[in-house]
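J.: Would you be able to build a 3D model of this:
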Amino acid sequence: TVVCILVQLLASYKIRNAIKQPLDIMLHVCGKLAKGNFRVNTAPSTRKDEFGDVHRGLYNMTISVGKLLNSFSHTTEQIAAASQQLNSSSMESANTATSVAESVSEAAAIVVQQQTAVNDGTNGVSAITNAVDGIKLQAQEISANAGQAANKAAAGNKVVGDSVSQIQNVEATVRTTAEL
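T.: Here you go, the predicted model:
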């Protein structure tokens with residue numbers, strides 16, 4: 001009987017560790033993600049059970065979010081370069097703003113796709129869902145900024161068109177004056 005109890009204790013300890021260890025790893029990763037740290041260095045699980053599936057889903061979501069943040073960083077650098085060009089020429093600024101607005105709109109569409117993929121893969125992990133909701137709010141802000149950029153680009157195009165029209169009117173007046 002004592003041997004059976006010892007065997008049961010040993011078996012329960014091993015089962016507890018087999019469940020607790022992957023959960024501890026995933027909770028640690030979720031904690032970092034909830035704090036905004038998307039550079040979590042974990043390897044995908046090699047387990048063939050549900051814990052392995054959830055861990056691989058968490059790993060893949062972390063990689064996807066990291067790539068998405070790199071994309072945002074790259075887009076931000078492009079926007080900074082475009083703002084320097086805005087000072088050089090009003091025509092160049094209108095074209096650049098349109099390009100940036102399209103890039104930001106594409107990035108917002110990617111964010112929405114990533115949001116859907118993350119929600120499908122992490123239904124069981126509520127801490128990750130909170131982090132993804134924060135990303136969704138950022139995407140909405142980016143989308144709003146993209147609309148504003150497009151409106152400013154359209155206004156810039158109109159100003160350039162009006163300027164060209166005025167220059168043409170001045171040119172016609174000068175020609176008429178020269179003919180006299």
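J.: Can you show me the helices along this protein?
T.: With DSSP state H as the criterion, the chain has helices at 2-34, 50-86, 90-121, 126-179.
J.: Indicate which one of those helices is closest to residue 44.
T.: Residue 44 lies closest, by CB to CB, to one member of the helices of the chain: helix 50-86, at 4.4 Å. Just so you know, the C-beta spots here come from the backbone N, C-alpha and C atoms, and that holds for glycine as well.
J.: Quick check: buried residues in the closest one?
T.: Neighbour-count burial for helix 50-86, counted by 16 or more other CB atoms under 10 Å, picks out 51, 54-55, 57-59, 61-62, 64-65, 68, 71-72, 75, 79, 82, 86.
J.: tell me the mean pLDDT for that helix?
T.: Average pLDDT, helix 50-86: 82.
J.: Ok, stretch 171-180 next?
T.: Mean pLDDT, stretch 171-180: 82.
J.: I'd like the helices of the chain written out as TSV, with distance to residue 44 added.
T.: What follows is these, written out as TSV (distance: least, CB to CB, whole Å):
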stretch	distance to residue 44
helix 2-34	11
helix 50-86	4
helix 90-121	13
helix 126-179	16
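J.: Least confident secondary structure element in this protein?
T.: In the chain, the helix or strand scored least confidently by mean pLDDT, DSSP states H and E is helix 90-121, which has a mean of 72.
J.: Identify the residues contacting the residue nearest the centre of the chain.
T.: Nearest to the geometric centre of the chain sits residue 68, at 4.2 Å (CA atoms, centre = their mean). Counting by CB atoms under 8 Å, 6 or more residues apart in numbering, residue 68 touches 110, 111, 114, 135.
J.: Give me the phi and psi for residue 45.
T.: Backbone torsions for residue 45, taken as degrees, to the nearest 10, come to phi -70, psi 150.
J.: Tell me who's in contact with it.
T.: Contact partners of residue 45, counting by CB under 8 Å, 6+ apart, are 22, 51, 52, 55, 56, 59.
J.: Give me the phi and psi angles of residue 35.
T.: When read as degrees, to the nearest 10, the backbone of residue 35 gives phi -90, psi 0.
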